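Visitor: The sequence and its predicted three-dimensional model are supplied below.
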There are 2 protein chains.
Amino acid sequence: MNKNEYLKLDNQICFALYVCSKEIIKKYRPLLEPLNLTYTSYIAMLSLWEKDGVTVKELGDTLFLDSGTLTPLLKKLEISGYISRKRDAKDERNLRIFLTKKGQELKERSEKIPSNLLCSIYNGDYCDNSEMIKLRDTLHNLMRRFLSSEGSSKT
Amino acid sequence: MNKNEYLKLDNQICFALYVCSKEIIKKYRPLLEPLNLTYTSYIAMLSLWEKDGVTVKELGDTLFLDSGTLTPLLKKLEISGYISRKRDAKDERNLRIFLTKKGQELKERSEKIPSNLLCSIYNGDYCDNSEMIKLRDTLHNLMRRFLSSEGSSKT
DNA sequence: TTGATTAAAATTGTATACAATTTGATTGCA
DNA sequence: TGCAATCAAATTGTATACAATTTTAATCAA
């Protein structure tokens, strides 16, 4: 591949990631709207359903988001009644996020979303599951790399 | 995989795409800043270096972006002196985007960016090229799917 | 020819993202 | 103890994204 080829849009892995990510997020919209969730608040809820009582920092480490994004997002989730935000009595710097009863119940109402989303992408077509697993593994390898490089860059 | 597993963050392909896309875009920042480009204006320039004189709509179809994103972006690229925006005399609804001399020259100054970016992700580590090619092909298959479903959804 | 329809950009409003800074709390050390 | 360094959230400012609407131009049909 010569110098010129590298600048072609079709050879940009990041562009392909960026487009696929955005287009799939668009497809979530009609599924999430009835639950009063955006994509970002949905992944926050996914994380909290696995483990709540975490700090904003811990949630941010899981979601690869910072407080500038999470603070307003979590305030909205609190207004929606899905979570509560409480300062940690032991260390008042930490804000801990807890699911409310309504937030816990939302999990059951969300169970169909992953399969409905796959339908909206593949609508009935054949989808090679092994290819999806390979894709996921490749992306998870990349994600691990981002985690480790965050630390190493601040020598 | 039972019902519960589907809601786990680790099984969300979209989340992995979303994180990888964002983290790579962050790594572009220091490479693009000296050229006075953001990631979005960079991909716009990549597209224009392959073909300019296109309309905003055509550029948007290539980049999967709409006029709401492109209009302000292109105005900034015009202010930077990289492009010019001219109404099509044949059809005044169309706005055509042309590279200026400065915009064409920027291509040479950008040639090192793709390899520098790979370095910033893999810094010296082994990177399996065949895995990257597989990743790209999987994502391109997905992108084709988004293109065709855009039309089919508006029966 | 003209009014309805369609089409392309631009605009408006809302929701992210994130760098950089600020605020407030804690820790560690002199 | 007391104060500098550190840490977690929050805030500020800028740049996207995109749905929905508006504006302006072109086309089509009666």
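Guide: Received, thanks.

Visitor: measure residue A:91 to residue A:55 for me?
Guide: Distance, residue A:91 to residue A:55, using C-beta to C-beta, to the nearest Å: 9 Å. Every C-beta, even on glycine, is put in place using the N, C-alpha and C of the backbone.

Visitor: Likewise for residue A:34?
Guide: 30 Å.

Visitor: before we move on, what SS does residue A:85 have?
Guide: Secondary structure, DSSP: H, G, I helix; E, B strand; the rest coil: residue A:85 is strand.

Visitor: repeat for residue A:43
Guide: helix.

Visitor: ok, now the one 3 residues further on?
Guide: Remark: residue A:46 carries the secondary structure label helix [criterion: three-state DSSP].

Visitor: all helices in chain A, in order from the N-terminus.
Guide: In chain A, the helices defined using DSSP state H lie at A:13-32, A:39-50, A:56-63, A:67-79, A:101-109, A:113-122, A:129-153.

Visitor: which stretch in the ones you listed is the model least sure about?
Guide: Per-segment mean pLDDT for the helices of chain A reaches its minimum on helix A:129-153, at a mean of 80.

Visitor: who touches that one?
Guide: Here helix A:129-153 makes contact (C-beta atoms under 8 Å, 6 or more residues apart in numbering or on different chains) with A:64, B:10-11, B:13, B:16-17, B:19-20, B:23, B:121-123, B:131, B:134-135, B:138-139.

Visitor: So which of residue A:34 and residue A:55 has more stuff around it?
Guide: A side-by-side neighbour count of residue A:34 and residue A:55, using other C-beta atoms under 10 Å in any protein chain shown, places residue A:55 first with 15 against 8.

Visitor: What is the neighbour count of residue A:75?
Guide: Residue A:75 has 12 nearby residues by other C-beta under 10 Å.

Visitor: Am I right that residue A:25 is in contact with residue A:39?
Guide: Yes - at 4.6 Å, residue A:25 and residue A:39 qualify as touching, with contact defined as C-beta atoms under 8 Å.

Visitor: what do these two both touch?
Guide: Both residue A:25 and residue A:39 are contacted by B:14, B:18, under the criterion C-beta under 8 Å, 6+ apart.

Visitor: excluding its backbone neighbours, what's nearest residue A:84?
Guide: residue A:98 (4.9 Å; C-beta to C-beta, 6 or more residues apart in numbering or on different chains).

Visitor: list the contacts for that neighbour?
Guide: Applying C-beta under 8 Å, 6+ apart, the residues contacting residue A:98 are A:52, A:53, A:83, A:84, A:85, A:86.

Visitor: any idea which residue sits dead centre in chain A?
Guide: Nearest to the mean C-alpha position of chain A, by C-alpha atoms, centre = their mean, lies residue A:43 at 3.9 Å.

Visitor: My guess is that one contacts residue B:8. True?
Guide: No - shown here, residue A:43 and residue B:8 do not form a contact pair, counting by C-beta under 8 Å, at 11.3 Å.

Visitor: What residues does chain A have near DNA strand C?
Guide: A:25, A:38-41, A:64-69, A:72-73, A:76, A:90-93 (C-beta under 7 Å from any atom of the strand).

Visitor: switch the cut-off to 6 Å
Guide: For chain A, the residues in contact with DNA strand C (C-beta under 6 Å from any atom of the strand) are A:38, A:40, A:41, A:65, A:66, A:68, A:69, A:73, A:76, A:91, A:92, A:93.

Visitor: of those, buried ones?
Guide: A:38, A:40, A:41, A:65, A:73 (16 or more other C-beta atoms under 10 Å in any protein chain shown).

Visitor: of all those residues, which two lie farthest apart?
Guide: Spanning the widest gap among those are A:38 and A:65, at 12.7 Å by C-beta to C-beta.

Visitor: picking up where we left off before, filter the contacts of residue A:98 down to the buried ones, PyMOL style.
Guide: To isolate the buried ones among the contacts of residue A:98 in PyMOL, judged by 16+ other C-beta under 10 Å, type:
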select buried, chain A and resi 52+83
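
Visitor: What parts of chain A come near DNA strand D?
Guide: Contact residues (C-beta under 6 Å from any atom of the strand) of chain A with DNA strand D: A:22, A:26, A:55, A:56, A:57, A:67, A:68, A:71, A:93, A:94, A:95.

Visitor: ok, the residue nearest to residue A:107 when sequence neighbours are not counted - contacts?
Guide: Spatially, and ignoring its direct neighbours in sequence, residue A:107 is nearest to residue A:49 (4.9 Å; C-beta to C-beta, 6+ apart). Neighbouring residues of residue A:49 by C-beta under 8 Å, 6+ apart: A:99, A:104, A:107, B:7.

Visitor: Would you mind measuring from the second one to residue A:48?
Guide: So that's residue A:104. As defined by C-beta to C-beta, residue A:104 lies at a distance of 9 Å from residue A:48.
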